[in-house]
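In: With the input below, show me the fold.
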Amino acid sequence: MNSGEIIAVCTSADKGERKSDVKHCRLIKKFGLEGDAHGGDWHRQVSLLAEESIDKMRAAGLDVGPGDFAENLTTRGIDLCALPIGSLLRLPSGAELEVTQIGKECHTRCSIFYQAGDCVMPKEGIFARVFQEGVVANGDCIELVRRGLEKGGNP
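Out: A predicted model of the protein is given here:
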């Protein structure tokens, strides 16, 4: 599917912890979500995870929800894992995110793993940089406007 919905906009004050749904936030170019601990001028400014991935963990008996895997944006209805690097996602405010990484390698079991019992981010989370600034809010449509050329890997 080429579009979906933002279910939660999450930030945290510190790295390696669950994030809280702040309902809406500004996406800042060369940083990420305003006030988020993972922000910075690097390729993993914003993390996205599908609600469908969280549902897999719920089906396994875990009591988890949006932000519990430290993702910034929880989506529904868009197949994040199928998006190649370089894909461009647009929000109603005009904000755009460019996919920079699919999944991530976890060298150690982070606090998210110990709190949630498992972590889907290494397999099903994606990362992006803010290509165009704007606001993102719960309920926003997220639309694929350009499909990248390369599947998987790191920049």
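
In: can you list contacts of the longest strand that the chain contains?
Out: For the chain, the strand reaching the highest residue count under DSSP state E is reported as strand 3-11. Identification of contacts with strand 3-11 by CB atoms under 8 Å, 6 or more residues apart in numbering yields 19-25, 33-37, 50-51, 65-67, 71-78, 91, 136-144. Yep, even glycine has a C-beta here, placed from its N, CA and C like the rest.

In: Make a PyMOL selection of the buried ones in these.
Out: Burial among the contacts of strand 3-11 is assessed by 16 or more other CB atoms under 10 Å; the matching PyMOL selection reads:
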select buried, resi 19+22+25+33+36+37+50+51+65+66+67+71+72+73+74+75+76+78+91+136+138+140+142+144
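
In: which of the residues in the longest strand of the chain are buried?
Out: For strand 3-11, burial by neighbour count (16+ other CB under 10 Å) applies to 4, 6-11.

In: Okay, and the beta partners of the residue nearest to the spatial centre of the chain?
Out: Most central in the chain under CA atoms, centre = their mean is Leu48, positioned 1.2 Å from the mean C-alpha point. Leu48 has the following beta-bridge partners by DSSP bridges: Leu73, Ile126.

In: and it, what pLDDT?
Out: On pLDDT, Leu48 comes in at 97.

In: if we can go back for a sec, looking at the contacts of strand 3-11, which are in helices?
Out: Secondary structure from DSSP state H places Glu51 of these in helices.

In: From the contacts of strand 3-11, which land in strands?
Out: Those of the contacts of strand 3-11 lying in strands (DSSP E): 20-21, 24-25, 33, 50, 73-76, 136-137, 141-144.

In: right, and out of those, which lies closest to Gly103?
Out: Using CB to CB, Ala50 comes nearest to Gly103 of these, at 12.6 Å.

In: Give the full set of residues in contact with that closest one.
Out: Residues near Ala50 by CB under 8 Å, 6+ apart: 4, 74-76, 78-81, 124.

In: for His24, same thing?
Out: By CB under 8 Å, 6+ apart, the residues touching His24 are 9, 135-138.

In: Pull the most distant pair out of those.
Out: Of all pairs drawn from these, the one with the longest distance (CB to CB) is Val135 and Asn138, at 11.3 Å.
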